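[1] With the sequence up front, the predicted model follows.
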Number of protein chains: 4
Amino acid sequence: MFVLVNLKTYPCDPIAVATAAADVADDTGVRVGIAPQAADIARVAETGVETWAQHVDPIDYGSNTGHTLAETAAEAGATGTLINHSEHRLKLADIDGSVRAAERADLETCVCANNPDQIGAATALGPDSVAVEPPELIGGDVSVATADPDIVTDAVEAAGAVDESVDVFCGAGISTGDDVDAAGDLGATGVLLASGVAKADDPRAVLEDLVDPVA
Amino acid sequence: MFVLVNLKTYPCDPIAVATAAADVADDTGVRVGIAPQAADIARVAETGVETWAQHVDPIDYGSNTGHTLAETAAEAGATGTLINHSEHRLKLADIDGSVRAAERADLETCVCANNPDQIGAATALGPDSVAVEPPELIGGDVSVATADPDIVTDAVEAAGAVDESVDVFCGAGISTGDDVDAAGDLGATGVLLASGVAKADDPRAVLEDLVDPVA
Amino acid sequence: MFVLVNLKTYPCDPIAVATAAADVADDTGVRVGIAPQAADIARVAETGVETWAQHVDPIDYGSNTGHTLAETAAEAGATGTLINHSEHRLKLADIDGSVRAAERADLETCVCANNPDQIGAATALGPDSVAVEPPELIGGDVSVATADPDIVTDAVEAAGAVDESVDVFCGAGISTGDDVDAAGDLGATGVLLASGVAKADDPRAVLEDLVDPVA
Amino acid sequence: MFVLVNLKTYPCDPIAVATAAADVADDTGVRVGIAPQAADIARVAETGVETWAQHVDPIDYGSNTGHTLAETAAEAGATGTLINHSEHRLKLADIDGSVRAAERADLETCVCANNPDQIGAATALGPDSVAVEPPELIGGDVSVATADPDIVTDAVEAAGAVDESVDVFCGAGISTGDDVDAAGDLGATGVLLASGVAKADDPRAVLEDLVDPVA
């Protein structure tokens, strides 16, 4: 089980969260990653935590201004990247381009999408993983452990029908260890979290609770 | 074989092209369609030709300004629509939304994409057909009959691996009857054309030549 | 005072609203226009009402798919166009391009924006008019007649500081004749309306009430 | 005269260019800045050079993924930001939002645009400066010193007509000290450069030549 914490543009201390995540990963053996803003990748990676970009652009070296080049994210210390997050939706051709750019820079890729059809589509682009972000669960109080379990199992089935080698993450509805456990039971091999960890008074305690059932 | 002529925003007489297309379809039994601009759908449809929208937006009735509602295109006479044409690329979630909007209005759907991976992705969204527009062939003088045939067969294979019920059209590289024939041999069940017909001095003669091998 | 009714993609009968608008304009001498969807421009214009496009794209004749060409809107009967409506926001360079395209096709232009700074910017692009759509008033129950009058007067002042020849319309907060009157007192020479007329059981009665104070 | 070097996503060593720029600024007293990718802001700023972001998003702290928050760019060491560069065009409302976000984070702002009308519009949004990027000069071999001088003087006039306190930079056509000199004569108080410095074998020598006429 992979636990990836998206720091978004939250007013949090990325180093404090990253250090807690690195410690919890070390202590428990559970894979835990942190996705900071681009400008924070280098200092987050220096904590030793597995570091992901929140996005990379479908570009190569050249005349691009204000974009995130996969190679630059990798040089700064990222080893993976989210693509097409619900807060950063891309054109189909650009998701394809961003997956190719990330591969070129040896970044692991996770393409987000919000229903089984789109998960099937994302899977066809050949990323390492896809993350289902059901609109019913995004930003809400509904937990994937109590929501209609079809939300995740349909996504796992849709991805599997296209390419069984692509992992499926649960991209919403996760705030407790029980949720992580439930996501695993439904076929997810990873979970995305955000404010529950990033804005916690004690990120380490929250992370310990989260990984406890899978440690 | 379906021959669909995209009139784009060319300085052509849409009624003249539509009338020629309707006549050629009647005379030969070959399915021929015309995709005019939204403002021209009604008068093109009045010629009796099969009429397609060039695009519909991922919206429903409501507060949307300057968008194309699938139901309005259908009421004006369209029976199908292109989605995600290379000149109108959409976000993955919006392609999904546009396919759903078109289905709601009983419009046949053709989602365009430009390589086998994206064709697989487009197919996963469940349209009636997908059209491969290889960048090597778009707007160029290269004919699909003489280009690397893998361009089309790879797309047919990618679509078939996801959903065998989805047709594959050849979206570029078609300007003669031989090209239409070659596209069919490679597994395409439709072809998209544009300037070769729309800007021809004699659209009827061009269309007659195009459909001759499949009539 | 110009009263422009944006039909958006409402489930209304555009011909019924257009006919009512044409009659009210004839009866009262007040300028009343209707902005239907692109596919409805021709049949709305046939009622004799002043017809506007909801949007035109920053393009010329050529290879553009699924876009609205200003010339095609004009040929269908439009004599003006909204640009950058709050439901169809454009890049700065594309607002400029759309204004130029509309001028080329002899369409009157109204660029929308949502605060005095942006109204100043829109005015600098040289349209015939700008429409201020204060977020406080969009889609709400607040009337411009009772809202903070600075919302409109600041926009009038911002436009005037850049180019006094550009008219300022009030793009939100209008639902009664008193609102139209208030907008005029604040310096607006036009008002944009939408659902209040488009979704009314009796559009003619609503329009008559709206124009009464300025007839 | 302000000389700002945009490193884009060029395959250059940002530290080498930044160090050279810091040295040249120290040696000559000319203001020289470097705009690296977001992920490189911190290490570029550590060289002591004036550091700019290439872009900031129109967002605040919160749920935003893959975006550049002005405050994060500032914390990493940026003191200014480009907005609406020709390679990153924004919606009018988002340029406004990005200028406001940058102001909130105490970043100096330079809004790019590509003709006098758009320069007037950009000026109306109240940035510290605007940069004119005439399409005739972007990425070409044409020097502003030899091109039609109206290109820059019209922009200076358009900005001045809206707000005389906003500086005008010359955003293209600069590759030599003579160009910098010519831009100054035409009314520009800053120049944007990119590949001429970023991809130079000896960035220090190029910068020394560039600032020589204004040192």
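    Structure received.
[2] The closest residue to A:Gly187 other than its chain neighbours - how many residues pack around it?
    Nearest non-adjacent residue to A:Gly187, counting by CB to CB, 6 or more residues apart in numbering or on different chains: A:Val156, 3.7 Å away. In this view, the C-beta of every residue, glycine as well, is placed from N, C-alpha and C. Close neighbours of A:Val156, defined as other CB atoms under 10 Å in any protein chain shown, add up to 20.
[3] Show the contacting residues for A:Val156.
    Residues counted as contacts of A:Val156 (CB atoms under 8 Å, 6 or more residues apart in numbering or on different chains) are A:168, A:186-188.
[4] Report the distance from whatever helix or strand it lives in to the chain centre.
    For A:Val156, the host element (DSSP states H and E) is helix A:150-162. Put simply, helix A:150-162 sits 17 Å off its chain's centre (CA atoms, centre = their mean, to the nearest Å).
[5] which ones among the contacts of A:Val156 are found in strands?
    Those of those mapping onto strands are A:Val168, per DSSP state E.
[6] any chance of the contacts of A:Val156 in a markdown table, with pLDDT too?
    Formatted as a markdown table, the contacts of A:Val156 follow (pLDDT from 0 to 100):
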| residue | pLDDT |
| --- | --- |
| A:Val168 | 97 |
| A:Leu186 | 93 |
| A:Gly187 | 94 |
| A:Ala188 | 96 |
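[7] how about the contacts of A:Val156, which pair is most distant?
    Within the contacts of A:Val156, two members stand farthest from each other by CB to CB: A:Val168 and A:Leu186, at 9.1 Å.
[8] which neighbours do those two share?
    Common neighbours of A:Val168 and A:Leu186, using CB under 8 Å, 6+ apart, are A:152, A:156.
[9] tell me, how many neighbours does the closest residue to A:Val144 other than its chain neighbours end up with?
    Once flanking residues are discounted, A:Val144 sits nearest to A:Gly173: 3.4 Å by CB to CB, 6+ apart. If you count neighbours by other CB under 10 Å, A:Gly173 ends up with 28.
[10] From what I see, A:Ala22 and A:Glu46 are in contact.
    No: taking contacts as CB atoms under 8 Å, A:Ala22 lies outside contact range of A:Glu46: 10.3 Å.
[11] Which of the two has more residues huddled nearby?
    A:Ala22 (19 against 13).
[12] where's the more buried one, which helix or strand?
    Applying DSSP H and E, one finds A:Ala22 within helix A:14-28.
[13] immediately after that helix, which helix or strand?
    Per DSSP H and E, the helix or strand that comes after helix A:14-28 is strand A:31-35.
[14] and the gap between A:Asp60 and D:Pro127?
    When distance is defined by CB to CB, to the nearest Å, A:Asp60 is 30 Å away from D:Pro127.
[15] So between the two, which is more surrounded?
    Neighbours of A:Asp60 and D:Pro127, each counted by other CB under 10 Å, are more numerous for D:Pro127; the result is 26 against 15.
[16] Next up, the contacts around the closest residue to A:Val3 other than its chain neighbours.
    Nearest non-adjacent residue to A:Val3, counting by CB to CB, 6+ apart: A:Val32, 4.8 Å away. For A:Val32, the contact set (CB under 8 Å, 6+ apart) comprises A:2-5, A:21-22, A:24-25, A:49-50, A:207, A:211.
[17] Spell out whether the lowest-mean-pLDDT helix or strand in chain A and chain D are in contact.
    Taking mean pLDDT, DSSP states H and E as the measure, chain A has helix A:195-198 as its least confident helix or strand, at a mean of 90. Yes: using CB under 8 Å from any CB of the partner chain, helix A:195-198 reaches chain D at A:Ser195.
[18] Which strands and helices lie in contact with the helix or strand following that helix?
    With elements assigned by DSSP H and E, the helix or strand that comes after helix A:195-198 is helix A:203-211. In terms of contacts (3 or more CB pairs under 8 Å, 6 or more residues apart in numbering or on different chains; DSSP states H and E), helix A:203-211 is packed against strand A:2-6, helix A:14-28, helix A:177-185, helix A:195-198.
[19] can you pull the buried residues of helix A:203-211?
    Buried residues in helix A:203-211, counted by 16 or more other CB atoms under 10 Å in any protein chain shown: A:203-204, A:206-211.
[20] can you redo the residues you listed as TSV with pLDDT?
    Below are the buried residues of helix A:203-211 laid out as TSV (pLDDT from 0 to 100):
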residue	pLDDT
A:Pro203	96
A:Arg204	96
A:Val206	96
A:Leu207	96
A:Glu208	96
A:Asp209	94
A:Leu210	94
A:Val211	95
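[21] Just give me the closest of those residues to C:Glu108.
    Distance to C:Glu108 across the buried residues of helix A:203-211 (CB to CB) is lowest for A:Pro203, with 57.4 Å.
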